[in-house]
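Novice: Predicted structure and sequence below. I'll ask about it afterward.
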Amino acid sequence: MFEGSQFDDAAPERLAKLLGSDQTTQPSWSVQEIEAIFRHQLGTPLQVELATLPAAEVISLTALADSQGLLLKSIGDLLNHPHPPVKLLAMLKDFAKRLMEHPDSPLPREVASLLYWSAIASGLSRANVRLTSLDTEKLLTGLRWAASQPWVEKPILELIRSAEASVLARGGG
């Protein structure tokens, strides 16, 4: 039995614009729509995102997760894992960056951006790795932008704030 979708209440013209093949600009999404899309992305199985990578890389990353006994079923599991595999975080960051930069991205820029900053934050907070070559000022600006979004859920917000504190503790800002 079909129970509906979180997108059922989205304005039809917004969905039509998103699905239109001649789209040249991103549609304007409401805060509630952005939040629903982000939640959906957090629940997206990693295997769905891995499918966009070259086969050899998929095999390598899957073997890495399996060898460490990691129960990473979704993007949210990866971001919230206490010791996430750095390779998977880097994959998520690069995936999100491609979506942010692509003019016909299927995700709103805000969602792709928050995935990007969340992957970087997880690297900083949980793996003690800086997954970006951005200078400290730009890194802090991005983390602060991510933390300021009204639709960010508490676990991700805490992750981002922890990353910001980590950067500041290392003498940044």
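Specialist: Looks like it arrived, so ask away. None of these values were measured; they are calculated from a predicted model.
Novice: Verify the contact between residue 145 and residue 117 for me.
Specialist: Yes. The pair residue 145 / residue 117 is scored as a contact, 7.2 Å apart, by C-beta atoms under 8 Å. No exception for glycine: its C-beta is placed from N, CA and C like everyone else's.
Novice: Neighbour count for the two, which is higher?
Specialist: It is residue 117, of residue 145 and residue 117, that has more neighbours when counted by other C-beta atoms under 10 Å, with 26 against 14.
Novice: buried residues in the host helix or strand of the more buried one?
Specialist: Element membership for residue 117, per DSSP states H and E: helix 109-126. By neighbour count on 16 or more other C-beta atoms under 10 Å, the buried set for helix 109-126 is 110-126.
Novice: What part of this protein, helix or strand, is modelled with the least confidence?
Specialist: Across the helices and strands of the chain, mean confidence by mean pLDDT, DSSP states H and E is lowest for helix 12-19: a mean of 50.
Novice: And the helix or strand that comes right after that helix, how far out from the chain middle?
Specialist: Once helix 12-19 ends, the next helix or strand along the chain (criterion: DSSP H and E) is helix 31-43. Put simply, helix 31-43 sits 11 Å off its chain's centre (C-alpha atoms, centre = their mean, to the nearest Å).
Novice: cool, and stretch 145-158?
Specialist: Taking C-alpha atoms, centre = their mean, one finds stretch 145-158 lying 12 Å from the centre of the chain it belongs to.
Novice: First-to-last residue distance for it?
Specialist: End-to-end distance for stretch 145-158: 14 Å, by C-alpha to C-alpha, to the nearest Å.
Novice: Great, nothing more from me.
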